[in-house]
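Participant: No letters, just coordinates:
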């Protein structure tokens, strides 16, 4: 049977005494999330995520329509435009 010594208690390491260095480190950590939150505020903060399931054939037609435009836009933007056009048409009826 192997015998081992009792482990020595670990000594606590002293925290750095420079408060400015600590604050700089803490502030550095959240800059990306803070930027995203500010961008959402500027946009009104009213955006909501929605899962949209499309058949592959319909998605291919959407992609063809996106590619056919003279100015390349993201698929997301094209879908938003299509939804707005449909809402405007139904509202005017």
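Facilitator: Perfect, I can see it now. The model shown is predicted, which means the values in this text are computed figures rather than measured ones.

Participant: From here on, just use CA atoms for contacts and neighbour counts.
Facilitator: Noted.

Participant: in the chain, which helix or strand is least confident?
Facilitator: When the helices and strands of the chain are scored by mean pLDDT, DSSP states H and E, helix 31-42 comes last with a mean of 61.

Participant: Enumerate the positions of the top helix by length along the chain that are buried.
Facilitator: Counting residues, the longest helix in the chain under DSSP state H turns out to be helix 75-92. Neighbour counts using 16 or more other Cα atoms under 10 Å place residue 78 of helix 75-92 among the buried residues.

Participant: With stretch 50-58 instead?
Facilitator: Across stretch 50-58, burial judged by 16+ other Cα under 10 Å covers no residue at all.

Participant: Straight-line length of it, end to end?
Facilitator: End-to-end distance of stretch 50-58 (Cα to Cα, to the nearest Å): 18 Å.

Participant: what about that stretch, average pLDDT?
Facilitator: Averaging pLDDT along stretch 50-58 yields 96.

Participant: now that stretch, how far from the centre of its chain.
Facilitator: Taking Cα atoms, centre = their mean, to the nearest Å, one finds the center of stretch 50-58 at 21 Å from the center of the full chain.

Participant: next one: stretch 5-20
Facilitator: In this view, stretch 5-20 has its centroid 38 Å away from the chain centroid, taken as Cα atoms, centre = their mean.

Participant: Between the two ends of it, what distance do you get?
Facilitator: Start-to-end, stretch 5-20 (Cα to Cα) is 42 Å.

Participant: rewinding a little: got a list of contacts for the longest helix of the chain?
Facilitator: Contacts with helix 75-92, where a contact means Cα atoms under 8 Å, 6 or more residues apart in numbering, come from 62-63, 66.

Participant: Nothing else from me, thank you.
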